[in-house]
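coordinates only, sequence not included:
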């Protein structure tokens, strides 16, 4: 059996893309555009285990033997780079914002209101590339190969 999941190199990895969205939501609270209570009560569970944590869980559960565990790192925007579409910085940021909006808007709008979404993703778009230039943000993917014990 082969599994793929989001992972991390260590439990204190830098910002994931959803934490960056959270920073933009916090900015909106500071600007009085959304209620602090709505942000405080919002929970978008996200956990990316380390390779050691994956190994420990597989061993503790006991039904499978770990055959292989590989880590793949991709920049947040690697798919845009690979497309080699000649985007300028603004177009690049717009694509990233649109992609994250497509995934996250339904749950975010249900908590913060549809009226806040345009502003949230405008803020995301304005700041995401500058933020990425300061830090080396990557998606970490774990590919896990297991066999069932007999």
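Sure thing, it's come through. Computed from a predicted model, the values in this text were never measured in an experiment.

quick one, what contacts residue 116?
28, 33-34, 108-109 (CB atoms under 8 Å, 6 or more residues apart in numbering). (C-beta placed from N, C-alpha, C; glycine too.)

switch to 10 Å and redo it
25, 28, 33-34, 38, 108-109 (CB atoms under 10 Å, 6 or more residues apart in numbering).

Give me the subset of those residues lying in helices.
25, 28, 38, 108-109 (DSSP state H).

hang on, the earlier thing: which of the contacts of residue 116 count as buried?
Neighbour-count burial (16 or more other CB atoms under 10 Å) is assigned, among the contacts of residue 116, to 25, 28, 33-34, 108.

circling back: tell me the one of the ones in helices among the contacts of residue 116 nearest residue 145?
Looking at the ones in helices among the contacts of residue 116 and their distance to residue 145, the nearest is residue 108, at 35.1 Å (CB to CB).

For the closest one, give me its contacts.
Contacts of residue 108 by CB under 10 Å, 6+ apart are 21, 25, 42, 44, 100-101, 114, 116-117, 120-121.

State the pair within these that is farthest apart.
44 and 114 (17.4 Å).

what residues are up against the closest residue to residue 141 other than its chain neighbours?
Spatial nearest neighbour of residue 141, excluding adjacent residues (CB to CB, 6 or more residues apart in numbering): residue 72 at 4.5 Å. By CB under 10 Å, 6+ apart, the residues touching residue 72 are 4, 7, 138-143.
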